[in-house]
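A.B. asks: Have a look; sequence and predicted model below, questions after that.
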Amino acid sequence: MKSTVYIETFGCQMNVADTERAATGLRKAGYEMTASAETADVVLLNTCSVRERAERKIFRRIGEVRKLASPTRKRPLIGVMGCVAQLEGPSIFRNSPAVDLVIGTRATDRISSLIERVQDGEKSVIDLEERQEGEVWDVSPAERRSPYVAFVPIIEGCNKFCSFCIVPYSRGREKSRSAQEIVAEVLRLRALGYKEIHLIGQNVNSYRPKSQAGLEPYGGATPFSRLLRAVADTGTERIKFMTSFPRDFHPDIVSALEEFPNLCDWVHLPVQSGSDRVLKAMRRGHNSEDYLRRVEAIKTSTRRLSLTSDIIVGFPGELEADFEDTMRLVRACEYDGLFIFKYSKRKGTPAEKFEDSVTEAEKTRRFLALEELQESIQSRIYRDYVGRRVSVLVERQSARSAEDMTGHSTCQKVVNFRSEGTAAGEILDVLISQAKPYSLYGEVARESRP
């Protein structure tokens, strides 16, 4: 038996998917995966660099892992993988001498051989190279974090180069998987009993495979909308996707959602700002009018589609008038959920050179004002669910009560309800009786849906 390995994951769904893929390859190579850093011979930190705070957290964690050594046990081998590894490269060894191994975002399939090089005595092993020809996306069901919900990457990387974002530098250019490969994976997951598939990527609707093979029978204005129809045609019970880029969001995506009930009623469409001046400085490639046209297509759908978004406050040069434009846009869009971030400078991005003109106190004030507005909108939307039924995939026992179960609706809302003998993995209707600030509560609707 080879060494035991623990992978700790930070950041987005793509990192979760990379961890699942890495664990699959390591187990195939004879390594044993363990659930704790304290019992591992090798600790790999799968890192996120989108926010400065996330990057600082990684280096604190390296220090904690280094201290796991004891008189009866040498410290584990420490590896840094993911976006921080790709961006920082050899400087990680200088900043943190405890690190033995640096693994870039495209080296996931080569981790076992890199570990062996360290164990054979090589110092400061690093791999930032591109994926090699013939490497395929392979994830064992045993390594997926849920037996009911599976992440399926369809596109990796980003070509958009927003001025604030590090992703194009850490993940590289957009590269789409073939439709045939994606559909085959979804069919395998369905056969294994998975109930919900998340098609994921930095910008899923930028999907552009080299070949249209597998998409020919499906109508649609874009390769992504045709892929949605192909995946829906597998009969998988619930299909979600994120994240969508506004400039590439074609109304035909809404048409696909209307045609296939198993395409879930949720769209995540990050706007980042409501000010055209700030959007131009962010290099988003759209203005507020462009964005609102896409929101109108979502809001006027024959289905009630849940809409969520991301917004950055305090971007360099953002004036009070710009922030008021953002507040107006949020009122107009009436988001079901909103992820709000205070701008933080990221080394290596174009915005790093901009003067960070908004004080930290002002960023906090704007954050809280936007949060208060969103909470009032969200509270009204959630109250509208009282008395309605929602379809819920039961995921686990609630952390707050042993008598309750929890899961997500098709519209991506957290729903808690009295367990009443239900089991994880079931899909059932819940009649909503209470609206909480960020979740819904109800009881299982035993009678059939009208």
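C.D. replies: Nice, thanks for sending it over. Bear in mind the structure is a predicted one, so any value in this text is a computation, not a measurement.
A.B. asks: Flag the shaky bits of the stretch 1-150 of the chain, pLDDT-wise.
C.D. replies: Confidence mapping of the stretch 1-150 of the chain against pLDDT under 70 gives the ranges 1, 134-135.
A.B. asks: Quick one: the helices in it, in order.
C.D. replies: Applying DSSP state H, counting those that start in this stretch to the stretch 1-150 of the chain gives helices spanning 13-28, 52-66, 83-88, 91-95, 111-119.
A.B. asks: Kindly report the same for the stretch 301-450 of the chain.
C.D. replies: Listed in chain order, the helices of the stretch 301-450 of the chain (DSSP H, counting those that start in this stretch) span residues 320-333, 360-383.
A.B. asks: which ones are touching residue 17?
C.D. replies: 139, 151, 152, 153, 200 (C-beta atoms under 8 Å, 6 or more residues apart in numbering). In short, each C-beta sits where N, CA and C put it, glycine included.
A.B. asks: and with 10 Å instead?
C.D. replies: Taking C-beta atoms under 10 Å, 6 or more residues apart in numbering, we find residue 17 in contact with 9, 108, 137, 139, 144-145, 150-153, 156, 198, 200-201.
A.B. asks: How about residue 169?
C.D. replies: Residues in contact with residue 169, defined by C-beta under 10 Å, 6+ apart, are 49, 83, 86, 87, 158, 161, 346, 347, 348, 349.
A.B. asks: can you check residue 412 too?
C.D. replies: Residues in contact with residue 412, defined by C-beta under 10 Å, 6+ apart, are 240, 242, 264, 265, 266, 267, 268, 306, 308, 336, 337.
A.B. asks: pLDDT score assigned to it?
C.D. replies: For residue 412, the pLDDT comes out at 97.
A.B. asks: Could you do residue 447 as well?
C.D. replies: pLDDT recorded at residue 447 is 68.
A.B. asks: quick one on the thing from earlier: type out the ChimeraX command that picks the buried ones from the contacts of residue 169.
C.D. replies: The following ChimeraX selection, which keeps only the buried ones among the contacts of residue 169, applies the criterion 16 or more other C-beta atoms under 10 Å:
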select :49,83,86,87,158,346,349
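A.B. asks: Can you name the two of the contacts of residue 169 that sit furthest apart?
C.D. replies: Farthest pair in these (C-beta to C-beta) is 158 and 347. Separation: 17.4 Å.
A.B. asks: hang on, residue 319 packs against residue 357?
C.D. replies: Yes: Residue 319 is in contact with residue 357 according to C-beta atoms under 10 Å; the separation is 9.0 Å.
A.B. asks: and which of the contacts of residue 169 is nearest residue 177?
C.D. replies: Each of the contacts of residue 169 was checked against residue 177 using C-beta to C-beta; the closest is residue 158, at 15.3 Å.
A.B. asks: List the contacts of that closest one.
C.D. replies: By C-beta under 10 Å, 6+ apart, the contact set of residue 158 is 165-174, 201-203, 206, 245.
A.B. asks: what does residue 396 give?
C.D. replies: Going by C-beta under 10 Å, 6+ apart, residue 396 touches 146, 148, 405, 406, 407, 424, 425.
A.B. asks: top of the residues you listed by neighbour count?
C.D. replies: Comparing the contacts of residue 396 by number of neighbours (other C-beta atoms under 10 Å), residue 407 comes first, having 27 neighbours.
A.B. asks: what separates that residue from residue 443, distance-wise?
C.D. replies: Between residue 407 and residue 443 the computed distance is 14 Å (C-beta to C-beta, to the nearest Å).
A.B. asks: The stretch 301-450 of the chain: strands as residue ranges?
C.D. replies: Using DSSP state E, counting those that start in this stretch, the strands of the stretch 301-450 of the chain run over 306-313, 337-342, 389-397, 404-409, 414-418, 427-435, 440-444.
A.B. asks: distance of residue 18 from residue 406?
C.D. replies: Computed with C-beta to C-beta, the distance linking residue 18 and residue 406 is 26 Å.
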